[in-house]
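1. pasting the structure only:
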């Protein structure tokens, strides 16, 4: 939850009037590099959403995360819908390990019936575009893919991109904010 990208997202969304709740997976709390089994990670997602609902009972909830956190959130949603969640946001969806292209990690998304936003760098080694684009297209209207030119898995761009990471990130936050608002409006009060 202290990853620079997640901290920047929380700060940037707060500036735009959107509250966030960040949390740790147990393996991160332990300082381990080995992720928790899906059962534990998904239970952590559900516990965080329960805490969010308890803290602010009458707001629209969106869930998601960066990489593993986003995937565990979508897997939890696919297994059993997350109560009151209106949409899922992925900051670099990890479709496959670097150098091992596959779309198997995305199969569960077809069991997810709420809107999904994929914010994905075009240089993301965890999701090659020839695999991600068709997957998102097959998901239909419930999935939106927003590509960040020259960005990597953490949505950072190289100096040669001709724009700063701050500029890129401001655009990412504007896109995310507009998408949340559009989903909220479509879903109604």
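-> Perfect, I can see it now. These numbers were taken from a predicted model, which means no experiment stands behind them. Numbers count the residues shown, from 1 in each chain.
2. Which parts of this structure are strands?
-> For the chain, the strands defined by DSSP state E occupy 61-66, 85-91, 116-121, 143-148.
3. for the closest residue to residue 129 other than its chain neighbours, phi and psi?
-> For residue 129, ignoring the flanking residues on the chain, the nearest one in space by C-beta to C-beta, 6 or more residues apart in numbering is residue 122 at 6.5 Å. In short, each C-beta sits where N, CA and C put it, glycine included. Backbone torsions of residue 122, given as degrees, to the nearest 10, read phi -70, psi -10.
4. wait, isn't residue 13 in contact with residue 175?
-> No - contact criterion C-beta atoms under 8 Å: residue 13 and residue 175 do not qualify, at 11.9 Å.
5. So what touches the longest helix belonging to the chain?
-> Scanning the chain for the longest helix, with DSSP state H as the assignment, gives helix 165-187. Outside helix 165-187, the residues that touch it by C-beta atoms under 8 Å, 6 or more residues apart in numbering are 8-9, 12-13, 16, 18, 60, 62, 86-87, 89, 115, 117, 119, 144, 146, 148, 151, 155-157, 161.
6. centroid residue for this protein?
-> residue 90 (1.9 Å; C-alpha atoms, centre = their mean).
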